[in-house]
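A.B. asks: pasting a predicted model and its sequence here:
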Amino acid sequence: MKSYCLLSRFAGLFLLVSIVACKKNDTLLQSVPDASKNMVAGTLVSGGEVAVPVSWYALELKLIKETPGFSPPVAARAIAYTGVALREAVLGGMNGAPSLGGQLNGLGRLPAPERWKRYNWAIAANSAMAQIIKSLFANASVENLSLINQLESDNLQAYTDSCSPEVATRSISFGKSIATAIYQWSASDGGKDGYLNNFPTDYTPPVGPAYWVPTPPLFQRAMLPYWGKNRPMVKPTAADSAVIPHPAFSTDTFSTFYKAAYFVYQKGKTLTPEETLIARYWADGGGTFTPPGHLIALTTQLVTEQHLSLGQAATLFAQVGIGLNDAGILCWKYKYQYNLLRPVTYIRSHIDSSWSPLIGTPPFPSYTSGHATFTSAAGNILAARFGNGFVFTDKQKVPEGFSPRSFNSFTDMINEASISRVYGGIHYDFDSETGSLTGKGLAQRVLSLNY
């Protein structure tokens, strides 16, 4: 038996993996307690070929945390293109499943495997994911670029014993051809260089009592004000252009808007320990794997725990990624369509000038909630795969000192993540309610594609 291990201390990520391979598909995934014994409770789960994408998502989440400019929508975009490249790279091993080429917005026919030729789909997946991640994280540190190269080599070595050199070479070439095509498609979506310019200086927000202004403590410029103009992966519908107004802005103490702001204010003063924990658990702010990263990390956990095959995992990763990407685009479209002021601005101006939220307010408008939209899109896709009544435990925040958090359904998770932003003092309840609804609609459209 040959053993090839990638020991990676990916802070903020539960799935620290070691790949151990022998002939055929005798592969195991396990945590590495000696590399992170103060951070992670060790578990051992069987992996098979799915160890390849699991290892790549683990590294991608480290890259999201450590690469400049990977704010939540930018991170969601990278996760999505990674997932599409993965699925298309292993499609030939999925018993005639259809390609996403011709189904996704602007994506044409993709390279196909040679007929009557053998491929190793784990090797093809490894090659595709290595290349697409390297392309998407072009500004990664030298150290992290080295990790990409090392993981590609380790994964390749783990599977070369299971096929001939000719099959390995053919599989590598095919994976790279898929990654090249997917990256070329990605370059025309409007978000290619988003990581380089999260805060464009040419954007001037509208002025007025209901409009967003930079918020304390950093008072940053508006983040990604043009992101909503990007091309979504699923072709948009008329619903994406529909007006979904928030309650009319008002300072009248009897108005719906004032009552919503007052609820945030009062809740901030009376938070229970559990509500405080919920707000902090879902914060996933700057320097973390972001809300989209949290959700793809959870997906990775469920893929391994439920022993999905490589093809099943590739499809689920693609679906969740597409949902996250389009959630970021649609949510940011609404944010800058309405440009609604944040609760901290309203409360300090009209209720209590000394009030501060529990969680730092991010630098973009309030309506709709990104957390609610991201979590609803991903959660409803996961529910379609595992069942909404599926009981699970989210272990992704253990490295940050949180206890694992259990849910009786994906709806429970969506609701908790959504209300967490109200508890944190950075969203009105209608921000979260509308975000959850639009995220669910996106999930339904993602799931309506032919897989």
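C.D. replies: Right, received. Where do you want to start?

A.B. asks: got a list of what the residue nearest to T315 when sequence neighbours are not counted touches?
C.D. replies: Of all residues not flanking T315 in the chain, Y451 sits nearest, at 5.4 Å (CB to CB, 6 or more residues apart in numbering). Quick note: C-beta positions are derived from backbone N, CA and C, even for glycine. Neighbour list for Y451: A97, P98, T315, Q319 [criterion: CB atoms under 8 Å, 6 or more residues apart in numbering].

A.B. asks: nearest spatial neighbour of C163, chain-adjacent residues omitted?
C.D. replies: Closest to C163 by CB to CB, 6+ apart is N120, at 4.4 Å.

A.B. asks: how about I278?
C.D. replies: Spatially, and ignoring its direct neighbours in sequence, I278 is nearest to S420 (4.9 Å; CB to CB, 6+ apart).

A.B. asks: that neighbour contacts A279, correct?
C.D. replies: Yes. The pair S420 / A279 is scored as a contact, 5.1 Å apart, by CB atoms under 8 Å.

A.B. asks: now for whatever helix or strand T393 lives in, which elements pack on it?
C.D. replies: Assigned by DSSP states H and E, T393 belongs to strand 392-394. Contact here means 3 or more CB pairs under 8 Å, 6 or more residues apart in numbering; DSSP states H and E; on that basis strand 392-394 packs against helix 290-305, strand 405-407.

A.B. asks: quick one: strands adjacent to it?
C.D. replies: Note on strand 392-394: by DSSP bridges, its sheet partners are strand 405-407 (antiparallel).

A.B. asks: list the contacts of Y195.
C.D. replies: Y195 makes contact with T67, P68, G69, F70, S71, V74, N139, according to CB under 8 Å, 6+ apart.

A.B. asks: how about a cut-off of 10 Å?
C.D. replies: 67-71, 74-75, 77-78, 136-139 (CB atoms under 10 Å, 6 or more residues apart in numbering).

A.B. asks: same check on L437?
C.D. replies: Residues in contact with L437, defined by CB under 10 Å, 6+ apart, are I244, T368, A372, T373, S376.

A.B. asks: that one and A89: what is the separation?
C.D. replies: 34 Å (CB to CB, to the nearest Å).

A.B. asks: in PyMOL, how would I select the buried members of the contacts of L437?
C.D. replies: Restricted to buried positions by 16 or more other CB atoms under 10 Å, the PyMOL selection for these reads:
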select buried, resi 368+372+373+376
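
A.B. asks: hmm, which of the contacts of L437 is lowest in pLDDT?
C.D. replies: Lowest pLDDT among those: I244, with 90.

A.B. asks: so which residues of the protein form strands?
C.D. replies: Assigned by DSSP state E, the chain shows strands spanning 2-3, 18-21, 28-30, 44-46, 392-394, 405-407.

A.B. asks: returning to that earlier point: surely the residue nearest to C163 touches S173?
C.D. replies: No. Look at N120 against S173 with CB atoms under 10 Å: they stay out of range, at 11.8 Å.

A.B. asks: which of these two has more neighbours?
C.D. replies: Per other CB atoms under 10 Å, whichever of N120 and S173 has more neighbours is N120, with 24 against 14.

A.B. asks: return the residues in contact with that one.
C.D. replies: Residues near N120 by CB under 10 Å, 6+ apart: 49, 93, 126-127, 156, 159-160, 162-164, 167-168, 170-172, 174-175.

A.B. asks: now with 8 Å?
C.D. replies: Taking CB under 8 Å, 6+ apart, we find N120 in contact with Y159, S162, C163, V167, A168, S171.

A.B. asks: who's in contact with the third one?
C.D. replies: Each residue near C163 by CB under 8 Å, 6+ apart is listed here: R118, N120, I123, S171.

A.B. asks: mark which of those are buried, thanks.
C.D. replies: Here, 16+ other CB under 10 Å leaves N120, I123, S171 buried among the contacts of C163.

A.B. asks: picking that back up, which of the helices and strands packed on strand 392-394 sits closest to L196?
C.D. replies: With CB to CB as the criterion, L196 lies closest to helix 290-305 of the helices and strands packed on strand 392-394, at 17.2 Å.

A.B. asks: how many residues are close by the residue lying closest to L218 once chain neighbours are set aside?
C.D. replies: Sequence neighbours aside, P363 is the residue nearest to L218 in space, at 7.0 Å (criterion: CB to CB, 6+ apart). As a burial measure, P363 scores 19 neighbours (other CB under 10 Å).

A.B. asks: quick one: the helices in this protein, in order.
C.D. replies: 33-36, 51-66, 72-90, 121-136, 142-160, 165-186, 256-269, 273-281, 290-305, 310-338, 343-350, 370-386, 410-423, 429-447 (DSSP state H).

A.B. asks: least confident secondary structure element in this structure?
C.D. replies: Using mean pLDDT, DSSP states H and E, helix 33-36 stands out as the lowest-scoring helix or strand of the chain, at a mean of 28.

A.B. asks: nearest residue to R445 other than its sequence neighbours?
C.D. replies: Among residues not flanking R445 along the chain, V234 sits closest, at 4.9 Å (CB to CB, 6+ apart).

A.B. asks: in contact with that neighbour, which residues?
C.D. replies: So V234 contacts L104, N105, I322, D326, L442, R445, V446, L449 (CB under 8 Å, 6+ apart).

A.B. asks: for A222, state which of those is nearest.
C.D. replies: The closest of the contacts of V234, once distances to A222 are taken by CB to CB, is D326, at 21.1 Å.

A.B. asks: pipe the contacts of N120 into a markdown table and attach distance to I182 per row.
C.D. replies: Listed next are these as a markdown table, based on distance: CB to CB, whole Å:
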| residue | distance to I182 |
| --- | --- |
| Y159 | 22 |
| S162 | 26 |
| C163 | 24 |
| V167 | 23 |
| A168 | 21 |
| S171 | 17 |
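
A.B. asks: in a markdown table, list the residues you listed along with distance to Y334 and pLDDT.
C.D. replies: A markdown table is the format used below for these (distance: CB to CB, whole Å; pLDDT from 0 to 100):
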| residue | distance to Y334 | pLDDT |
| --- | --- | --- |
| Y159 | 44 | 95 |
| S162 | 48 | 90 |
| C163 | 49 | 94 |
| V167 | 48 | 98 |
| A168 | 47 | 98 |
| S171 | 43 | 98 |
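
A.B. asks: burial measure for the closest residue to L449 other than its chain neighbours, as a count.
C.D. replies: The spatially closest residue to L449, leaving aside those adjacent along the chain, is Q103, at 5.2 Å (CB to CB, 6+ apart). Counted with other CB under 10 Å, residues neighbouring Q103 total 15.
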